[in-house]
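Peer 1: Sequence below, structure please.
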Amino acid sequence: MKLHRRIIGLVGLGMLLIIAITASALQELTTVYLRTTHDVQNLSEQFRRIWEVEQQIEDMHRALHGIAETGEARYRKSIDASRAAVHEAFRNMSQASLSQREMKVLGSLMADFTEMERKSERVIVLAGGSAEKRNMTANLLIELDNLQQWMTNDIGKYKEENAELSRTVMGRLHRDKIEISVLFIAILGSSIGFLLVFGLYLYRRVSVPLNDLWLGTEAISKGDLDHRIPVHKNSEIAYLAERFNEMARMLKGSYEELEQRLLDRIQKLAALDSVALALGKSESLQDMLQTALHLVITKLSDLEPKGGIFLCEPDNEMLRLAVHLGLSPEFTEQEETIRMGECLCGQVAQSGEILYTEKCSNDTRHTRMQTDADSDHSHIIVPLKSRGIVLGVMFLYPGRSYSLKPSDIQMLDSIGAQLGMAIENFRFYSEVKESSEKYWDLFEHSHEILCILDKEGQFTVVNKAAEVFLRASKIELTGRSVYDFLTEAGAALVRRVLTGDPRERRQTFELEIKKGDGSRAFVEVSGRRISRDRTVTGFQVAVRDVTEQKRLREMLLEAERIAAVCQLGIAVRHEINNPLTTVIGNAELLLERAGEGDAELQKRLDVILNNALRIAEIVKQLEGIKKDKVVEYLEGVKMTDIKQG
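Peer 2: Numbering: from 1, shown residues only. This is a model prediction of the structure:
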């Protein structure tokens, strides 16, 4: 029988026993209650009736005295009503179950009442008559008084009998109370006994084993997987204890297995960390791939110490063996390149999914002949992807006891993603480095003066042309302000440009530069702002030395002025010499004709002739001007000096 059935049976048996005892007690209690109620009801009824008889007899006695004294008819009605009530009471009392003594007292009382009725009839007949009748009535009243007193005594005896009966009933009630108390004590004792037995049973069969189970679970929760629960006899809880012990053994085994799996997981994570660390420290793609392959093979368990990595060619048509470990020279020579989609590695490069095959000799996808001694090998091929693009594949050789688990797939996929990102980063870094080197070579060896200024106008980067032009080294120029090399006017212009003055919108402008050795030069400057997050952080500046150009331009302007002056001199000579010759000739003729006669006229003619000759000399000098020499003719007025001879 199972434990719960035993408990239910014991509880049912105890409840049945308690219910039977309780039902018997209730039945006895009901019987006592009904008997007592009946006795009390009879006593109460007898008391009421005897009290009613006593009252009616007194009423009848008073009415007889009233009718004897007055003779009024109303007393007759009262007497008749009392007589009827007394007879009704006597009849009811006779029908009740009375004791023999009560019947004797009741019979005497009824005989006395009959005598009282007889004498009351005579009193009624004699009432209101002659004196003799009144004397007879008085005698009858005296007899009635004595009879009433006698009846009162009989009523007292009847009451005493009822009182004795009441005492008997009370005594019986007391005995019934004792019996009921004993019965309830028996019920209580039976219940307590049952509860004690049931509690002892529960304690020995349930509580103690459950406490052992509780202690066992507490020990297990604290990590004591070697704890075992003692088995008590052959019961359901004992079976539960056996199952608990079995569970503890299984839990210990699972915990040991979990620890082993955790160690394997930690080893795999260590492999991932090692690969990631190697990716960060490698200086070249070849070194990075070789280090990563070595770490994967050595850190992961159940792998043979050999493998390799193919990288996709730029045309995505071929795979080239980039690095390998533990492979024979014949194998590396034969497998140096394979086509995309060819054999297992080529198919993985196309699909981008991890591939695992236990026996390559039975795999129809393994199409290339092997030169290895062990051709019946297993393969794990991992795609190296970055942003969903396959950049290569890594092929590994698992041992014979190896089984691919979902965690292994996840870990290998993570390694493939890391290597793919590293390959892409190395390629991108190489491209950026090559582009940067080209840019720097172009910047450094440019014939133009190139530099970068911060937003305060200090040099941060300069090229060789700037060193040569400014007569200062890069170390001297770095951190130095551009204003140190500008004139006052140039510094004001540059300050407006650097501060973003809206009035200065020119992209190219000329400045005069003070070189490091004190010499000066003219340059043409152009530049652009360098911004980051919409904030100006510096300026890229290109400077071109225009000193020689400016000198040649000034020389050209001077030659053009001189040519213009010469052309002007030729035109003036042509236009002035002809009339001037006429003036000089006429002046000379006039001087000859005047002679010495008119001194004033001769003086004036001399002045005309001299000024005309002077004009002729000036025109001649205009033809001999070689350069534009300017002299100050008056204060603030400059003129070309024609006296250059």
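Peer 1: what is residue 481 paired to in the beta sheet?
Peer 2: Beta-bridge partners recorded for residue 481 (DSSP bridges): residue 458.
Peer 1: do residue 545 as well
Peer 2: residue 523.
Peer 1: need the contact list for it.
Peer 2: Residues in contact with residue 545 (C-beta atoms under 8 Å, 6 or more residues apart in numbering) are 449, 469, 521-523. Glycine gets a C-beta too; all of them are placed from N, C-alpha and C.
Peer 1: Spatially, which two of those are the most separated?
Peer 2: Of all pairs drawn from these, the greatest distance, 12.6 Å, lies between 449 and 522 (C-beta to C-beta).
Peer 1: Same question for residue 230, what's its three-state structure.
Peer 2: Under DSSP: H, G, I helix; E, B strand; the rest coil, the three-state class of residue 230 is coil.
Peer 1: what about residue 449 and residue 522, which has more around it?
Peer 2: A direct count of neighbours by other C-beta atoms under 10 Å for residue 449 and residue 522 places residue 449 higher, at 22 against 17.
Peer 1: Show the backbone phi and psi for the closest residue to the more buried one other than its chain neighbours.
Peer 2: Using C-beta to C-beta, 6 or more residues apart in numbering and skipping the chain neighbours, the partner closest in space to residue 449 is residue 543 (3.7 Å). Dihedral pair for residue 543: phi -120, psi 140, per degrees, to the nearest 10.
Peer 1: just checking, residue 543 touches residue 524?
Peer 2: Yes. Residue 543 lies in contact with residue 524 (C-beta atoms under 8 Å); the separation is 7.3 Å.
Peer 1: higher neighbour count, the two?
Peer 2: residue 543 (21 against 16).
Peer 1: Could you pull up the contacting residues of the more buried one?
Peer 2: Residue 543 neighbours (C-beta under 8 Å, 6+ apart): 448-451, 466, 469, 523-525.
Peer 1: which ones among those are found in helices?
Peer 2: 466, 469 (DSSP state H).
Peer 1: Please tabulate the contacts of residue 543 in TSV, including the columns distance to residue 532 and pLDDT.
Peer 2: Output for those, formatted as TSV (distance: C-beta to C-beta, whole Å; pLDDT from 0 to 100):
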residue	distance to residue 532	pLDDT
448	25	83
449	25	86
450	20	87
451	19	89
466	24	85
469	29	85
523	28	87
524	28	88
525	23	88
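Peer 1: Just the buried residues out of the contacts of residue 543, in PyMOL syntax.
Peer 2: Listed next is the PyMOL selection for buried residues among the contacts of residue 543, using 16 or more other C-beta atoms under 10 Å:
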select buried, resi 449+450+451+466+469+523+524+525
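Peer 1: between the contacts of residue 543, which is closest to residue 285?
Peer 2: Using C-beta to C-beta, these come closest to residue 285 at residue 450, 32.8 Å.
Peer 1: give me every residue that touches the closest one.
Peer 2: By C-beta under 8 Å, 6+ apart, residue 450 lies in contact with 443, 462-463, 465-466, 540-543.
Peer 1: Name the nearest residue to it, ignoring sequence neighbours.
Peer 2: residue 463 (4.7 Å).
Peer 1: Could you list which residues are in contact with the one you found?
Peer 2: Contacts of residue 463 by C-beta under 8 Å, 6+ apart are 443-446, 449-451.
Peer 1: what's the closest of the residues you listed to residue 588?
Peer 2: Closest to residue 588, out of all of the contacts of residue 463 and judged by C-beta to C-beta, is residue 449, at 68.5 Å.
Peer 1: Quick check: the closest one touching residue 477?
Peer 2: No. Taking contacts as C-beta under 8 Å, residue 449 lies outside contact range of residue 477: 11.1 Å.
Peer 1: Give the residues shared as contacts by those two.
Peer 2: Among the neighbours of residue 449, those also in contact with residue 477 (C-beta under 8 Å, 6+ apart) are residue 466.
Peer 1: Tell me where the stretch 51-200 of the chain is predicted with low confidence.
Peer 2: Within the stretch 51-200 of the chain, the ranges that satisfy pLDDT under 70 run 71, 73, 96-99, 101-102, 105, 125, 127-131, 133-134, 158-159, 161.
Peer 1: what does the stretch 351-500 of the chain give?
Peer 2: Where the stretch 351-500 of the chain drops to pLDDT under 70, the residues are 361-362, 368-376.
Peer 1: residue boundaries of the helices in it?
Peer 2: Secondary structure of the stretch 351-500 of the chain (DSSP state H, counting those that start in this stretch): helices at 406-444, 464-470, 474-477, 488-498.
Peer 1: which residues touch the shortest one?
Peer 2: By C-beta under 8 Å, 6+ apart, the surrounding residues in contact with helix 474-477 are 451, 459, 462, 466-467, 470, 516.
Peer 1: If any of those are buried, give me the ChimeraX selection for them.
Peer 2: Under the burial definition 16+ other C-beta under 10 Å, those of the contacts of helix 474-477 that qualify are selected in ChimeraX by:
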select :451,459,462,466,467,470,516
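Peer 1: And the contacts of helix 474-477, which is closest to residue 286?
Peer 2: residue 462 (36.7 Å).
Peer 1: what's the closest non-adjacent residue to the closest one?
Peer 2: Sequence neighbours aside, residue 451 is the residue nearest to residue 462 in space, at 4.4 Å (criterion: C-beta to C-beta, 6+ apart).
Peer 1: Might you report the residue contacts of that neighbour?
Peer 2: Counting by C-beta under 8 Å, 6+ apart, residue 451 touches 459, 461-463, 466, 477, 541, 543.
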